[in-house]
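Chemist: Model the structure of this input:
(chains A and B)
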Amino acid sequence: MSATALSALQRWGFAIVPAVGLVELVAHVAQTRPAANEGDWAAARAWVAASAKPEDLVAFAPKWIDPVGRMRFGDDIANIEREARPDETRFPRAIEVGIRGAHLAAFDGWRKSDTQRFGGVTVTTWENPSPAHVLSDLVSMIEPRHAHVFRGDAECPWSHTRPESGGLGYGPAVPADRFACPGGGFAGMSVVADLDYVPHRCIYAPPAGGPLRIRFEGVRFGHELHGHHAIYVEAERNRTGAPVTLSFASGGTSIGSIVHRDGDGWKPFELDTSQLDGQTGELTVEVSSPSSDRRQYCFEADTR
Amino acid sequence: MKLPAALRLPSRVGWRDHVIGALLALVYVAWLIPGARVLGFPRDEGIYFRAGADYFRWWHSLLERGREALQQGAIDGAFNINHEHPPLMKTLFGASEWLLHEKWRVFADASTAFRLPGMMSAGLAIWVTYLFGARAWSRRAGLVAALLFALMPRVFFHAHLACFDVPITAMWILCVYVHWRAQEKRTWGWAVAVGVAYGLCLATKHNAWVLPFVLVPHALFVDRHGIWRALRVGRVSIPASIVTMATVGPAVLYALWPWIWNDTMGRLQFWADFMTHHDYYNIEFLGKNYFGPPSPKSYLPVMVLATVPTITILLFLAGAIDRIGVGVRRLRAWAMTLAHRDPRDTPPRDPLETDLLLALSFCGCVSVFFLSKTPIFGGTKHWMPAYPVLALFAGRGFDLVTAAMHRALPALDDTKRRLAETALVACVTVAPLAVTAHSHPFGLSAYVPLVGGTAGGADMGLNRQFWGFTTQTAAAEYLNSKAPRGANVFVNDTTWDAWARMQEEGRVRGDLRVVGAPAEAMLSLVQHELHMNEVDYDIWIADGSDAPVYVVTHDDVPIVSIYGRR
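Modeler: Numbers count the residues shown, from 1 in each chain, chains lettered A, B, ... in the order given. Modelled structure (predicted):
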């Protein structure tokens, strides 16, 4: 640096301080302007409603805008199946609705096929390079046409009653439609908050008072059984609970077992079903644990 | 242009500076009062309202019934509620409510009367910060320090509340200031004042336990020569302010806290145990939910950078580096003297060791948050007593910048110099003013422009709120106008106490009824915090829909979602 420049810097260096003050003010003004207005959201919704197929994922970016996205798009588009997805592998396309230039890392590696701008809302369509073809989704089958639930030898009848929920610490809501076992225990579709507080639609099946068996009928088998399981965050985060074992069998033959231990979070699993590939039949799932204390267990699985 | 003689300030700091400090305090309190009406009631505040009313009622009964009120049953009956925190502020909350709401009807809202002592304590902190800066460095430094302290969004938020965080900030800086003055005045009057100030500090919040680690080493260092001289003739000399802190301080605490009049040691032990084994609550930091030790060591620095205006931090760094430089030069000169060499560069000696005192005070407030066992659930409020000192160093930094400006612009006449100084003050305060004013009533959701504002904080995964106070905004924006008549409402993190008071004061429609679970509710609220997500998902199942009917936002960021049963 020349002597003249150094001298000028020494003389005028103080100006950095008022400059920072003014830059902070300008940044504040810029940051506090709304990114999108109601009209932008409505236009984006109309486009997505016309473009999204039932098998497409619709997701909002950044993640924290999700409640606003759900409110603006409604539960016909931003439904629980999409919002509380097990992962992104089953979706052939994702329609990402973003503000403030945000993008979800889940679509890194997907091919961008379209971008639409509606004022402050950007709608980007992503193509999944290798989508999984789901044959049967067990979570969608947990109803009397496709499933029977047993605790011990006793069958748990399907019932429709009030849902049960509470405040913080209650655990996943107990759904209104569920298989309710005599003397306690149930199985039904709910949404679990995993160890990272991410929602996942799953079969809520706490192993209360003994193993719980769910027999699914009419399951179309592929080459693998793909799934995840978790225990409600507050019940597993202290890592003091008993493990929960999930076992799969078909026609009396074991397909495999997976153990969930506290701290595993939303744990993925894959079991080989190539011997059953192409068949349609019965699949029995057993949930068991040496203890039923706060085993607020939930799993999801599909065949592919 | 010359100021009229009456407005000109003598070089010596004196009563006129108290007037300036008081005016700053008054303006701040006047700014806070109307903001109280739009700010809902956090969980703890509801308890303090009740405790305040009970405590004050007991003091009232002491005057009316005398000995009867002194029975243990009467004392415990009044003071058992929230006995894990000392009583001073709660008693003042209760007194304020009784006088300014019940008796004189100055405030229509009981809550505003309850909150006034907290607001006044913010004013006190500003007043003392101004005086401290004015005496330590310059009036300009004091003024800028006071303004920058007042214009911290988190300080502004907490200053509205009937809680203890801003009061302990005020008591802490008051105690440090009185101690500093006592070192100069060297009279028993000032020494007793230190004891009284420390007692008030103890009676405000347990942060006071740390103060001896600030004041005792400082007093010993200031008096080191006298102590050494006394030791050499076989005497022990203890600075008077230490003696009064150890005697008058606890006496003041004892006098103000009837709950410890019985079973004193046992109850003090309970207090200590409660605070040293405090529960951990959930809090989000950088996208992760913390609910127990170890606490992240980066929490304090990141949260300070994300919540204190950047210009304030920059000035703080300028001032702190300057004072550290002076300290290093003193140390070097001292070392050279020990080595019998000529210390050519000896900074002027400060007999009050102001830099040391401020450094100890700052470190005393923040150091505990680098321990892995210290809970972090309070966000920034638990180290707020460090902020007046942070602002004082910022004031010193401003002095340096002003001096540099004068050197750069030597040809300015007096009028232009004053204008330039005023412009400089405006440049460093306008952004903090804008950020602070904009943050209300979402002070816990707001982050500074350095991290992208409120949206930037959400991007970083920083906590968005706690205590469920934003339900009032949900009521103002949706429930009061849209909820069906007599609707059951699940209010999640808001206490039923807080809800009842909001209804009593007409902030929430009186016909709405609180229920304990989303499954029982027609309308369900979720105040967005990471660990509250589970409640969101429960509502999806209970309602059969994941689409809220309304979302309260601040700068696009969801604060409260409202779901309606379809």
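
Chemist: going forward, measure contacts and count neighbours with C-alpha atoms only.
Modeler: Fine.

Chemist: which element is the closest residue to chain B within the stretch 1-150 of chain A on?
Modeler: Nearest residue of the stretch 1-150 of chain A to chain B (C-alpha to the nearest C-alpha) works out as A:Leu25 at 4.4 Å. Per DSSP states H and E, A:Leu25 falls inside helix A:16-31.

Chemist: so what secondary structure elements neighbour that helix?
Modeler: Contacts defined by 3 or more C-alpha pairs under 8 Å, 6 or more residues apart in numbering or on different chains; DSSP states H and E place helix A:16-31 against helix B:310-338, helix B:414-439, helix B:453-460.

Chemist: rerun that using 6 Å as the cut-off
Modeler: Applying 3 or more C-alpha pairs under 6 Å, 6 or more residues apart in numbering or on different chains; DSSP states H and E, one finds that helix A:16-31 contacts helix B:414-439.

Chemist: buried set for the helix it packs on?
Modeler: Residues of helix B:414-439 classed as buried: B:417, B:420-421, B:424-439 (neighbour count, 16 or more other C-alpha atoms under 10 Å in any protein chain shown).

Chemist: cool, and stretch A:235-253?
Modeler: By neighbour count on 16+ other C-alpha under 10 Å, the buried set for stretch A:235-253 is A:235-237, A:241-250.

Chemist: end-to-end on stretch B:344-357?
Modeler: Stretch B:344-357 stretches 26 Å from its first residue to its last (C-alpha to C-alpha, to the nearest Å).

Chemist: Give me the distance between stretch B:233-247 and the centre of its chain.
Modeler: Relative to its parent chain, stretch B:233-247 has a centroid offset of 31 Å by C-alpha atoms, centre = their mean, to the nearest Å.

Chemist: next one: stretch B:230-242
Modeler: Chain-centre distance of stretch B:230-242: 36 Å, with C-alpha atoms, centre = their mean.

Chemist: contacts for that stretch?
Modeler: B:191, B:194, B:227 (C-alpha atoms under 6 Å, 6 or more residues apart in numbering or on different chains).

Chemist: Residues of chain A that sit close to chain B?
Modeler: Neighbours of chain B within chain A, by C-alpha under 6 Å from any C-alpha of the partner chain: A:11, A:14, A:18, A:21, A:24-25, A:27-28, A:32, A:70-71, A:74-75, A:163-167, A:172-173, A:193.

Chemist: Filter the residues you listed down to the buried ones.
Modeler: Buried members of the residues of chain A next to chain B, scored by 16+ other C-alpha under 10 Å, are A:11, A:14, A:18, A:21, A:24-25, A:27-28, A:32, A:70-71, A:74-75, A:163-167, A:172-173, A:193.

Chemist: would you list every one of the strands in the stretch 151-300 of chain B?
Modeler: For the stretch 151-300 of chain B, the strands defined by DSSP state E, counting those that start in this stretch cover B:283-285, B:288-290.

Chemist: Tell me which residues touch B:Asp511, please.
Modeler: Contacts here follow C-alpha under 6 Å, 6+ apart; on that basis B:Asp511 touches B:Gly486.

Chemist: Doesn't it belong to a helix?
Modeler: No - counting by DSSP: H, G, I helix; E, B strand; the rest coil, B:Asp511 falls outside a helix, being coil.

Chemist: Tell me the spacing between it and A:Gly167.
Modeler: Applying C-alpha to C-alpha, the value for B:Asp511 to A:Gly167 is 22 Å.

Chemist: Repeat that for A:Val287.
Modeler: Separation of A:Val287 from A:Gly167 (C-alpha to C-alpha): 26 Å.

Chemist: ok, now B:Asp17?
Modeler: In terms of C-alpha to C-alpha, B:Asp17 sits 52 Å off from A:Gly167.

Chemist: re earlier: among the contacts of stretch B:230-242, the buried ones, what's the PyMOL command?
Modeler: If you want just the buried ones from those in PyMOL, going by 16+ other C-alpha under 10 Å, the selection is:
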select buried, chain B and resi 191+194+227
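
Chemist: Filter the buried residues of stretch A:235-253 down to just the ones in helices.
Modeler: The members of the buried residues of stretch A:235-253 that map onto helices under DSSP state H are A:235-236.

Chemist: Adding pLDDT, write the buried residues of stretch A:235-253 out as a markdown table.
Modeler: Below are those laid out as a markdown table (pLDDT from 0 to 100):
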| residue | pLDDT |
| --- | --- |
| A:Ala235 | 97 |
| A:Glu236 | 96 |
| A:Arg237 | 96 |
| A:Gly241 | 96 |
| A:Ala242 | 97 |
| A:Pro243 | 97 |
| A:Val244 | 98 |
| A:Thr245 | 98 |
| A:Leu246 | 98 |
| A:Ser247 | 98 |
| A:Phe248 | 98 |
| A:Ala249 | 98 |
| A:Ser250 | 97 |
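
Chemist: Now the two most distant members of the buried residues of stretch A:235-253.
Modeler: Farthest pair in the buried residues of stretch A:235-253 (C-alpha to C-alpha) is A:Arg237 and A:Ser250. Separation: 33.0 Å.

Chemist: Break chain A down into its domains, please.
Modeler: A:38-127, A:136-303 (automatic domain parsing).

Chemist: The ones you listed: which one's closest to B:Asp76?
Modeler: The minimum distance between B:Asp76 and these falls on domain A:136-303, with 32.0 Å, by C-alpha to C-alpha.

Chemist: Please tell me how far the most centrally placed residue in chain B sits from chain A.
Modeler: Among the residues of chain B, the one closest to the centroid is B:Val166, at 2.7 Å (C-alpha atoms, centre = their mean). As for B:Val166, its distance to chain A is 25 Å (criterion: C-alpha to the nearest C-alpha, to the nearest Å).

Chemist: again with B:Gly118
Modeler: Counting by C-alpha to the nearest C-alpha - B:Gly118 and chain A are separated by 28 Å.

Chemist: same check, this time on B:Ser237
Modeler: On the measure of C-alpha to the nearest C-alpha, B:Ser237 and chain A end up 46 Å apart.

Chemist: quick one, phi psi at that residue?
Modeler: Note on B:Ser237: its backbone torsions stand at phi -110, psi 120 [degrees, to the nearest 10].

Chemist: Neighbours of it, how many?
Modeler: By other C-alpha atoms under 10 Å in any protein chain shown, 15 other residues sit near B:Ser237.

Chemist: I'd guess A:His228 is in a helix, am I close?
Modeler: No - applying three-state DSSP, one finds A:His228 to be strand, outside a helix.

Chemist: CA atoms only: put the helix holding A:Leu25 into CSV for me.
Modeler: Extracted C-alpha coordinates of helix A:16-31, given in CSV (Å, rounded to 0.1, in the frame of the first residue of the first chain):
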residue,chain,number,x,y,z
ILE,A,16,-16.1,2.6,8.5
VAL,A,17,-18.1,3.0,11.7
PRO,A,18,-20.9,5.2,10.4
ALA,A,19,-20.8,3.3,7.2
VAL,A,20,-21.5,0.0,9.0
GLY,A,21,-24.3,1.7,10.9
LEU,A,22,-25.9,2.8,7.7
VAL,A,23,-25.4,-0.5,5.9
GLU,A,24,-27.1,-2.2,8.9
LEU,A,25,-30.0,0.1,8.5
VAL,A,26,-30.3,-0.6,4.7
ALA,A,27,-30.0,-4.3,5.3
HIS,A,28,-32.8,-4.2,7.9
VAL,A,29,-35.1,-2.3,5.6
ALA,A,30,-34.4,-4.8,2.8
GLN,A,31,-34.8,-7.9,5.0
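
Chemist: Where does the stretch 251-400 of chain B get nearest to chain A, residue-wise?
Modeler: Closest point on the stretch 251-400 of chain B to chain A, by C-alpha to the nearest C-alpha, is B:Ile311, at 5.4 Å.

Chemist: right, and that residue touches A:Gly21 too?
Modeler: Yes - the pair B:Ile311 / A:Gly21 is scored as a contact, 5.4 Å apart, by C-alpha atoms under 6 Å.

Chemist: Would you mind measuring from the nearest residue to B:Gly516 once chain neighbours are set aside to B:Ala498?
Modeler: Using C-alpha to C-alpha, 6 or more residues apart in numbering or on different chains and skipping the chain neighbours, the partner closest in space to B:Gly516 is B:Phe490 (6.0 Å). Distance check for B:Phe490 against B:Ala498: by C-alpha to C-alpha, it reads 13 Å.
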